[in-house]
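Asks: just the structure for this:
(one chain, ligands or ions: 1)
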Amino acid sequence: MTTFLDDINGRYATEERTIINLCLKNTGFSLADLAKELDTSIPKISRIVGELVDMGYLADLGKQESSAGRRPSIYGLNPAAGYFVGVDVRQDGLSIAVTDFPGRVVHFEHDVPYRLQNNEESIREMCATVKERLKKARIDTGKVRSYGVNLTGRVNHETGYSYSYFISEEKPIRNLLEEYLGKTVSVENDSHGMAYGEYMSGIADGASNILFLNVGWGLGMGMVLDGKLFYGKSGFSGEVGHFPLLDNHQICRCGKIGCLETGASGQALHRLVKERIESGQPSILADTCKKGKELSLNAILDAIQKEDVTAIECIEEVGATLGRAVAGLINIFNPDSVIIGGRLSVAERYLMPPLKIAVNKLSLNLVNNDTVIKASRLGKAAGAIGASLLAKSRMLNS
Ligand SMILES: [Zn+2]
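Replies: Now for the predicted structure:
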C-alpha cells in the first residue's frame, strides 16, 4: 500500500503539503517564490519540487514572462496529478464520486448494486466492485491518491473503527479497506460526509455554521461549525435521530421508545403510509400492500412524485415532526443554514413547507431570523462527493 507519507519518504511532509496547497490556490510559482513562501533555501525547495514533479503532483509549466534577464521556470499543479474517490455505502447499494485536485467532479454514479453485510467478504466484494466501476469509467486506479468511505452508524474517523459494521477487535475497518483498495482510506459517518459535501458545494454562501440533516431510512446529522466538521469526543456527534422527543409509543431500532427517528425519517414515512392504507385510505400503493409484497421506500417516494395524496399527507406529517426538531436545533446552535438532505429530500416540495411552518411556530423568532432552511444542493451525490473531498483534505492537511 502506498501512502502520501511513503510517497515522500517521510521527509519534508509539511513542506510538500504546503507546496501542493499553495499550487491549488494559485496557478504557479518559481522556485524563488516558493523559497520565500516557505522561508527556506532555494536548493532545498528545488529538491522538494523535483520530488513532487517525479511523483506527478507538480509540473513544469514553462518559463515566466519577463521583460529582462533570465526567465525562471514556473511550477504548478500537474493537471494529471490524480484523483480522490469517495464511496457512499448504503445497505442496498453504493454511490461513487471521483474528484480531481481542484475539487471538480469528474465521475459520479449512483445505485451501484451491492448488498452490505457484516463480514470481511462483504468488504472485499465492495472494494472489487469500486475498482471495477472505476475501470469501466476509464479512471486509472493507479492515479487515485486516496479513498474516502462513508458508513452509516457510529464511526471514529481518527481510529478508523466503525461501531456498527465489521466490528473487529483486531483491526479497524479502515485497515481492511486499505488492504483491499491498496491506497490510503479515510472512513466517515455518512451524515458527516454529506454535510461536508454540501458545505464545500457552496450552498452556505460562505457562511461557516451549517447543520445538515440526513433524512434517509433513519435520521442523522452532520455539523459544520466555524468552518470545520464537528465530531465530539469520539466522532459520534449528530445522533439527532435518537433524540427522545416524541410521545408516540413507537419502539426505535435502537431499542428505546419515542426517538425522533420514529416520526421523522424514511422508516416513519413507511410506517405512516402502511397504517393509512391498512385503515382503508385510497392509494396507488394499496395493491402492493394487499398482495403482501414488500413496500419499499423508493416505491413510496415514486408515489409522491405521482401525486399520491395519501403518501403526500404522510410526508407532510414527517416534515412537521422534523420541523419541531429543527426549531429546537436552531434555538441551540443559531446556525447560518439548516440543510435538509438524504433520500426524502427528493420530495422537498411536500416535505419543506410543513417543516418551515413548524420552525416558524416553535423556534425563537430572534434566533430563527438568522437561519436559512434549504433543501440539499447535491442530492444523492452529497455523500460520495463529500467523502472524496474529505479524502483530499485529510491527505493535504493531516
Ligand atoms: Zn432510537
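Asks: secondary structure class for Leu213?
Replies: strand (DSSP: H, G, I helix; E, B strand; the rest coil).
Asks: that one pairs with what?
Replies: Assessed by DSSP bridges, Leu213 has beta-bridge partners Met221, Ile340.
Asks: any idea how far Gly202 lies from Gly103?
Replies: Going from Gly202 to Gly103 by CB to CB, to the nearest Å gives 11 Å. All C-beta atoms are positioned from the backbone trio N, CA, C, and that covers glycine.
Asks: more crowded one of those two?
Replies: In terms of neighbours (other CB atoms under 10 Å), Gly103 is the more surrounded of Gly202 and Gly103; the figures are 15 against 9.
Asks: who's in contact with that one?
Replies: Gly103 is in contact with Met200, Leu389, Lys392, counting by CB atoms under 8 Å, 6 or more residues apart in numbering.
Asks: and the residue nearest to Ala128 when sequence neighbours are not counted, how many neighbours?
Replies: Take Ala128 and drop its neighbours on the chain: the residue closest to it by CB to CB, 6 or more residues apart in numbering is Tyr180, 7.5 Å away. The local packing of Tyr180 (other CB under 10 Å) involves 18 other residues.
Asks: and Gly280, by the same measure?
Replies: Other residues lying near Gly280 total 7 when counted by other CB under 10 Å.
Asks: ok so it is a strand residue?
Replies: No. Counting by three-state DSSP, Gly280 falls outside a strand, being coil.
Asks: correct me if wrong: Leu52 contacts Glu16.
Replies: Yes. Look at Leu52 against Glu16 with CB atoms under 8 Å: they come within range, at 6.2 Å.
Asks: and the residue of the stretch 101-250 of the chain found nearest the ion, what does it touch?
Replies: In the stretch 101-250 of the chain, the residue found nearest to the ion is His242; the distance is 3.6 Å by CB to the ion. With contacts defined as CB under 8 Å, 6+ apart, the neighbours of His242 are Cys252, Cys254, Lys256, Cys259, Leu260, Glu261.
Asks: what's the closest non-adjacent residue to the first one?
Replies: Across the structure, with CB to CB, 6+ apart as the measure, the residue nearest Cys252 apart from its sequence neighbours is Cys259 (3.8 Å).
Asks: tell me the contacts of the one you found?
Replies: Counting by CB under 8 Å, 6+ apart, Cys259 has contacts Gly241, His242, Phe243, Pro244, Leu245, Leu246, Cys252.
Asks: beta-bridge partners for it, please?
Replies: Pro244.
Asks: could you measure it against the ion, distance?
Replies: According to CB to the ion, to the nearest Å, Cys259 and the ion sit 3 Å apart.
Asks: write out the residues of the stretch 101-250 of the chain neighbouring the ion.
Replies: Residues of the stretch 101-250 of the chain lying near the ion by CB under 5 Å from the ion: His242.
Asks: do that again at 8 Å, thanks
Replies: Within the stretch 101-250 of the chain, the positions near the ion by CB under 8 Å from the ion are Gly241, His242, Pro244.
Asks: closest to His270 out of those residues?
Replies: Checking these against His270 with CB to CB, the nearest one is Gly241 at 14.6 Å.
Asks: wait, that closest one sits on Leu260?
Replies: Yes. In this structure, Gly241 is within contact of Leu260 by CB under 8 Å, at 5.7 Å.
Asks: quickly list what's touching both of the two.
Replies: Jointly contacting Gly241 and Leu260 under the rule CB under 8 Å, 6+ apart are Leu219.
Asks: quick one: the helices in the stretch 1-150 of the chain?
Replies: 4-7, 13-25, 31-38, 42-54, 120-136 (DSSP state H, counting those that start in this stretch).
Asks: how far does the second one sit from the chain's center?
Replies: Okay, so that is helix 13-25. Relative to the centre of its chain, helix 13-25 is centred 24 Å away, using CA atoms, centre = their mean, to the nearest Å.
Asks: quick check: angle from that helix to helix 31-38?
Replies: 110 degrees (axes from the mean of the first three to the mean of the last three CA atoms, to 10 degrees).
Asks: helix 13-25 - contacts with which helices or strands?
Replies: helix 31-38, helix 42-54, strand 58-63, strand 73-77, helix 382-397 (3 or more CB pairs under 8 Å, 6 or more residues apart in numbering; DSSP states H and E).
Asks: of the contacts of His242, which one scores lowest on pLDDT?
Replies: pLDDT across those is lowest for Cys254, at 90.
Asks: surely that residue is within a helix?
Replies: No. Under the criterion used here (three-state DSSP), Cys254 is coil, not part of a helix.
Asks: separation between it and Arg271?
Replies: For Cys254 relative to Arg271 (CB to CB), the value is 16 Å.
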